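Q: Structure, please.
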Amino acid sequence: MVVDQEAYETSFDGFAAFELGLQGMFYQMFDGVGEEDIEVKVHLENVDTGEEFDTIVYPEAMDDTMEPEEDIEMIE
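A: I've put the predicted structure just below:
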């Protein structure tokens, strides 16, 4: 994705990257890729400089967001 980095980092535009990752994983699943082999990389590029400033790898990124923070006390 080619984005305005400052605007991207201060908005909810990360959902667009999530949607790309999700659609890519579905595509691979329906194409017969094994569950362990499914991987989608979304590269984020600064529109002004052309430099890549982040890469999000799915489904790993989803696993990272699902884990509770260590400093957050879980309520049982």
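Q: shaky segments in the chain?
A: 64-76 (pLDDT under 70).
Q: Report the central residue of this structure.
A: The chain has I56 as the residue nearest its centroid, 4.1 Å off, counting by Cα atoms, centre = their mean.
Q: is it true that that residue touches G24?
A: No: with contact defined as Cβ atoms under 8 Å, I56 does not count as touching G24 (10.9 Å). Where you see a C-beta, it was placed from the backbone N, CA and C, and this is true even at glycine.
Q: so what's in contact with these two at the same time?
A: Common neighbours of I56 and G24, counting by Cβ atoms under 8 Å, 6 or more residues apart in numbering, are V42.
Q: got the buried residues for stretch 40-51?
A: By neighbour count on 16 or more other Cβ atoms under 10 Å, the buried set for stretch 40-51 is 40, 42, 44-46.
Q: And for stretch 29-42?
A: 38, 40, 42.
Q: and the nearest residue to the second one once chain neighbours are set aside, how far is that from A17?
A: This means V40. Nearest residue to V40, sequence neighbours excluded (Cβ to Cβ, 6 or more residues apart in numbering): G24, at 3.5 Å. The span separating G24 from A17 equals 11 Å under the rule Cβ to Cβ, to the nearest Å.
Q: just P59 next, same as before
A: Taking Cβ to Cβ, one finds P59 at 13 Å from A17.
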